[in-house]
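Visitor: the following block contains a protein sequence and its predicted model.
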Amino acid sequence: MSPPVSLLFGVHAHQPVGNFPHVLDDAHLRCYQPFLRVLHRYPEFRFAAHFSGWLLDYLFDKYPQDMALLREMVARGQVELFGAGDTEPVLAVIPHRDRMSQINTFSDKLATRLGQRPQGAWLTERVWEATVIPALADCGMRYVTVDDYHFLCAGKAAGDLNGYFTTEEDGRRLDLFPISEALRYKLPFAPAHEALAYIEAMGSDSVGRDLSRHVGLKPDLQTTAAAAIYFDDIEKFGIWPETHQWVYGEGWLEKFIRGVLASPKIKTERFSDYHAAAKTRGIIYLPTVSYIEMNGWTLPDAAACDYAALVNESKAAGHYGRDKAFLRGGTWKNFFSRYPESNWMHKRMLALSARFAALPAPQRTPLMQQKLHETQSNDAYWHGLFGGLYLPHLRRAVYSALVELEALLDACAPRPPKFVEDTDLDGVEEIYLHNGVLQAVLKLDGDAALCEFDAYPLRHNFADTLRRQDEHYHHLARLGEASAHGGAGIVSAHDRVHFKHDIVAADMLADDHARGLFVDTFNAKPLRYRHETAGDGVVADFRTDAFPLSIKKTVAVQANTLQVRYGFTGEVEGVFKTEINLAMPSCDGMGGRFVHDGEIKGGFGQPLLLAALAEIALEDEVMKGKLTLKTSAPVQFASIAHTSVSQSEGGFEKIMQAVTLTLTWSVADVAGEMVVTLQVDRL
């Protein structure tokens with residue numbers, strides 16, 4: 001009799017820092033709560049669980065009774081807790097010192113709240129780089145889970161991936177469990193009996209291979225049980241489309257658990273138990289890689305289309321099983337080169353991390369550490385079926401923490417009020433102007449536009465928006481609604497094509513410029529400025545010559561006001577426009593409104609045109625603040641919502657990124673000067 005296959009079953013629960021409370025509540029009621037309550041009824045079913053730190057704090061505060069079930073399951077030995085970084089950072093893209101801090105903070109939290117210190121770690125988005133090994137090992141992590149795909153990319157055969165392997169870096173050892181891709185796609189989407197049959201077959205097939213490979217070796221190695229390894233998002237068990245009814249209404253989860261417990265061919269184990277009893281399958285060195293889908297998402301449009309074509313050709317030829325390890329796509333860090341907005345956030349975070357680390361230890365406070373960790377939450381830095389770069393409220397949470405941390409650091413170690421550096425390493429320097437209340441950052445790329453505009457009292461960056469760019473999935477949106485699914489069970493989010501909003505081709509046109517503040521044109525042509533050395537004050541001067549017209553543009557920060565002054569020299573007829581893209585937290589919701597002459601003119605999502613305007617206020621209840629725009633002479637004012645089209649597990653959606661204000665005036669009508677101010681106040 002061959003030994004039963006060891007089912008190592010793990011679930012990962014995560015919500016991004018800054019996600020809406022109603023989203024967390026819905027996720028708990030549709031997924032976390034019913035999952036825990038079902039599993040609590042089956043003490044013999046052992047499994048692993050990872051709840052990211054920010055989500056765990058929320059659930060303990062809001063749903064203590066359900067967390068008591070988790071604590072009880074931990075205490076009775078049913079559940080093994082997995083560690084990670086506290087705010088779910090991608091460990092490979094934060095400094096080593098922050099990896100250590102993140103992992104230890106979360107391990108301490110698990111020990112305090114749930115009574116167990118982890119020895120295994122969940123690797124965010126399964127992003128693997130060997131550089132993360134020392135921090136994980138030094139924090140007490142003995143093993144992590146990554147996809148079996150990672151092992152295939154290192155040359156391993158799929159049939160060998162039924163146990164754990166060992167790697168090392170800089171003298172530290174770490175063991176690696178390969179997650180079965182096939183199980184990721186079967187649980188919970190295939191009928192329970194099909195999933196059970198597949199797991200049972202994994203045991204019998206694997207043992208035969210193991211014995212044939214280890215002939216002549218000592219008996220304890222020959223009889224090591226094969227492992228069926230599953231570790232994936234718990235949200236598949238209730239939050240993904242159609243899954244709540246399937247998993248709980250139709251009883252998939254209970255059928256699966258009962259089937260596992262009734263099968264003589266399957267044994268449920270915690271990873272820690274299997275790890276203690278089994279031997280390593282040998283040394284392995286993995287390449288820099290994430291899961292298959294992620295490797296495609298990281299590529300820009302043209303490359304992603306080429307990559308998809310290669311994959312489809314391989315599948316059509318029947319060679320994909322052989323080829324997929326070598327059709328690798330991009331790496332996770334490609335998101336920084338693909339999306340300038342992501343890169344800017346990341347490099348701002350790195351700079352603040354370095355400033356925090358440089359402080360004398362007595363000046364580093366727990367609040368600073370917490371805010372630094374919040375800036376490293378992974379979701380707002382990337383985009384794919386699940387990433388949150390396209391979601392303004394997730395980027396806003398990162399910037400809120402960035403701005404708050406920067407103010408705390410400035411109080412301890414002040415920066416000059418004006419300085420120049422290349423923050424984002426793109427070869428173009430930026431000039432910073434700040435006074436402790438506001439901060440304006442302008443890229444010295446010829447546009448003389450703001451790429452960041454921070455209000456420290458509101459902890460908000462008004463320039464936090466996203467330009468439209470081509471995405472490889474836009475062609476699916478143009479084809480219309482369809483599904484690639486066939487057979488029994490339900491549709492995985494990877495195979496669904498669904499529209500949450502009405503989308504037309506114009507919604508997917510790529511921008512030809514960055515969506516900054518004060519992007520200028522004259523007679524419909526973009527203006528190119530040169531930076532001039534200014535005198536005293538928190539001021540930046542720029543000049544352009546559009547013969548016979550010369551324009552001097554001065555940007556200044558004064559108290560709670562940003563002032564942009566245009567000086568015109570020369571006699572010429574022409575139309576001047578400036579575009580101001582403002583990230584308003586209310587977006588097109590009910591909490592945002594234009595107020596003009598004491599009258600509400602509409603919300604930020606509604607078009608607005610005023611022929612002669614000198615002052616208007618943008619009030620935002622979510623931000624609990626307002627921004628008042630004033631001009632020294634009347635201008636034509638136009639406002640329109642800036643939206644983007646993205647894809648999520650729920651389908652294609654159109655998201656408001658910013659409100660785009662366009663101010664237009666005739667140069668001949670402004671007596672040589674126009675002054676535009678943005679004043680920031682609390683509501």
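Guide: Here it is on my side, so go on. Residues are numbered from 1 along each chain as shown.
Visitor: need the per-residue pLDDT for residue 113.
Guide: On pLDDT, residue 113 comes in at 97.
Visitor: state the helix or strand in which the closest residue in space to it that isn't next to it in sequence lies.
Guide: Nearest non-adjacent residue to residue 113, counting by C-beta to C-beta, 6 or more residues apart in numbering: residue 60, 6.1 Å away. Where you see a C-beta, it was placed from the backbone N, CA and C, and this is true even at glycine. Residue 60 is part of helix 53-62 when elements are defined by DSSP states H and E.
Visitor: which parts of that helix are buried?
Guide: 53-56, 58-60 (16 or more other C-beta atoms under 10 Å).
Visitor: just stretch 182-201 next, same as before
Guide: For stretch 182-201, a neighbour-count test (16+ other C-beta under 10 Å) marks 182-184, 186-192, 195-196, 198-200 as buried.
Visitor: which one of those residues is nearest to residue 371?
Guide: residue 184 (34.3 Å; C-beta to C-beta).
Visitor: which of the three states applies to the closest one?
Guide: At residue 184 the chain is in helix, as set by DSSP: H, G, I helix; E, B strand; the rest coil.
Visitor: low pLDDT regions in this structure?
Guide: 1, 204-224, 477-501, 534-535, 649-650 (pLDDT under 70).
Visitor: residue 510 - how many residues pack around it?
Guide: Neighbour count for residue 510, taken as other C-beta atoms under 10 Å: 11.
Visitor: for residue 268, see how far away it is.
Guide: Going from residue 510 to residue 268 by C-beta to C-beta, to the nearest Å gives 50 Å.
Visitor: what's the distance between residue 388 and residue 396?
Guide: 11 Å.
Visitor: next one: residue 516
Guide: Counting by C-beta to C-beta - residue 516 and residue 396 are separated by 17 Å.
Visitor: neighbour count winner among those two?
Guide: residue 516 (23 against 20).
Visitor: so the more buried one sits against residue 450, correct?
Guide: Yes. With contact defined as C-beta atoms under 8 Å, residue 516 counts as touching residue 450 (5.4 Å).
Visitor: residues shared between the contacts of the two?
Guide: residue 463 (C-beta atoms under 8 Å, 6 or more residues apart in numbering).
Visitor: if we can go back for a sec, which strands and helices sit next to the helix holding residue 60?
Guide: Helices and strands touching helix 53-62, by 3 or more C-beta pairs under 8 Å, 6 or more residues apart in numbering; DSSP states H and E, are helix 21-27, helix 64-75, helix 96-114.
Visitor: the strand or helix carrying residue 228 pairs with which strands, and in what direction?
Guide: Using DSSP H and E, residue 228 sits in strand 227-233. Partners of strand 227-233 in the sheet, by DSSP bridges, are strand 5-13 (parallel).
Visitor: now the partner strand against helix 53-62, angle please.
Guide: Interaxial angle of strand 5-13 relative to helix 53-62 (axes from the mean of the first three to the mean of the last three C-alpha atoms, to 10 degrees): 80 degrees.
Visitor: restrict strand 5-13 to CA atoms and write it as CSV.
Guide: Presented in CSV, the C-alpha positions along strand 5-13 are these (Å, rounded to 0.1, in the frame of the first residue of the first chain):
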residue,chain,number,x,y,z
VAL,A,5,-0.8,11.9,-0.4
SER,A,6,-0.3,14.8,2.0
LEU,A,7,-2.6,17.6,1.2
LEU,A,8,-0.9,20.8,2.2
PHE,A,9,-3.8,23.3,1.9
GLY,A,10,-3.3,27.0,2.4
VAL,A,11,-5.3,30.2,1.9
HIS,A,12,-4.1,33.8,1.6
ALA,A,13,-6.4,36.6,2.7
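Visitor: what's the offset of it from the middle of its chain?
Guide: 25 Å (C-alpha atoms, centre = their mean, to the nearest Å).
Visitor: all helices for the stretch 251-400 of the chain, in order.
Guide: Here the stretch 251-400 of the chain has its helices, by DSSP state H, counting those that start in this stretch, at 252-262, 271-277, 292-297, 301-316, 320-323, 334-338, 340-358, 366-375, 392-412.
Visitor: by contact count, what packs against the second one?
Guide: On a contact count with 3+ C-beta pairs under 8 Å, 6+ apart, helix 271-277 meets strand 5-13, strand 79-83, strand 120-122, strand 143-147.
Visitor: need those in TSV with mean neighbour count and distance to residue 161, can you?
Guide: As requested, the helices and strands packed on helix 271-277 are exported to TSV (neighbours: other C-beta atoms under 10 Å; distance: least, C-beta to C-beta, whole Å):
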stretch	mean neighbour count	distance to residue 161
strand 5-13	25	12
strand 79-83	26	19
strand 120-122	26	17
strand 143-147	24	10
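Visitor: could I get the ones you listed as JSON lines with distance to residue 522?
Guide: Formatted as JSON lines, the helices and strands packed on helix 271-277 follow (distance: least, C-beta to C-beta, whole Å):
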{"stretch": "strand 5-13", "distance to residue 522": "53"}
{"stretch": "strand 79-83", "distance to residue 522": "57"}
{"stretch": "strand 120-122", "distance to residue 522": "54"}
{"stretch": "strand 143-147", "distance to residue 522": "53"}
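Visitor: bridged to residue 434, which residues?
Guide: Assigned bridge partners for residue 434, using DSSP bridges, are residue 439.
Visitor: what's the separation between it and residue 426?
Guide: On the measure of C-beta to C-beta, residue 434 and residue 426 end up 21 Å apart.
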